[in-house]
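**Student:** Predicted model follows, preceded by the sequence.
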Amino acid sequence: MMSRFLNVLRSWLVMVSIIAMGNTLQNFRDHSFLSEKLYTGKPSLVNGLQARTFGIWTLLSSVIRCSCAIDIHNKTLYHITLLTFLIAMGHFLSEVFVYGTAAPTIGVLAPLMVASFSILGMLIGLQYLDMDAVSRNKKKN
């Protein structure tokens, strides 16, 4: 039986994935979203190509996260999913503090908070994955 924590984590990953799919559509529909909400430090650098590239990255992250929610016991997929959140956090932090293309507005703070909570949840979830693996092995023997 899967732990309650892993079930909550799966639900969180699905929710984050669905929101990311909506964000992907927004990036393809109108690139002004990025210059008005995220890259407010240098909005002139945002163009359609950059928005679509950001959208494709977001879509890929969404698919990986949803796949992990479906197969949460796949350790390789779990680690790749964790890495997507680390990369997202690194991206937004570097845009604020290194490149100056983003400011610490709600548009940047929201994805940083989602990435932070997700990283924390997934790191905690690693302990539950190990416990579930031990439990499943005992049931087999």
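**Tutor:** All right, it came through fine. Keep in mind that what you see is a predicted model, and the values were worked out from it rather than measured. Residues are numbered from 1 along each chain as shown.
**Student:** Return the set of buried residues in the one helix or strand residue 49 maps to.
**Tutor:** Element membership for residue 49 (DSSP states H and E) is helix 48-70. By neighbour count with 16 or more other CB atoms under 10 Å, helix 48-70 contains the buried residues 51, 54-55, 57-59, 61-62, 64-69. Using the backbone N, CA and C atoms, a C-beta is placed for each residue, glycine as well.
**Student:** check contacts around residue 118.
**Tutor:** By CB atoms under 8 Å, 6 or more residues apart in numbering, the contact set of residue 118 is 12-13, 16, 85.
**Student:** And it, how far from residue 124?
**Tutor:** 11 Å (CB to CB, to the nearest Å).
**Student:** Repeat that for residue 69.
**Tutor:** Counting by CB to CB, the gap from residue 69 to residue 124 is 16 Å.
**Student:** would you list every one of the helices in this protein?
**Tutor:** 4-29, 32-33, 48-70, 75-97, 106-140 (DSSP state H).
**Student:** Turn those into CSV, including mean pLDDT and distance to residue 42.
**Tutor:** Below are the helices of the chain laid out as CSV (pLDDT from 0 to 100; distance: least, CB to CB, whole Å):
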stretch, mean pLDDT, distance to residue 42
helix 4-29, 96, 17
helix 32-33, 90, 14
helix 48-70, 97, 11
helix 75-97, 98, 9
helix 106-140, 88, 13
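**Student:** Nearest to residue 39, out of the ones you listed?
**Tutor:** Minimum separation from residue 39 across the helices of the chain (CB to CB) falls at helix 75-97, 6.9 Å.
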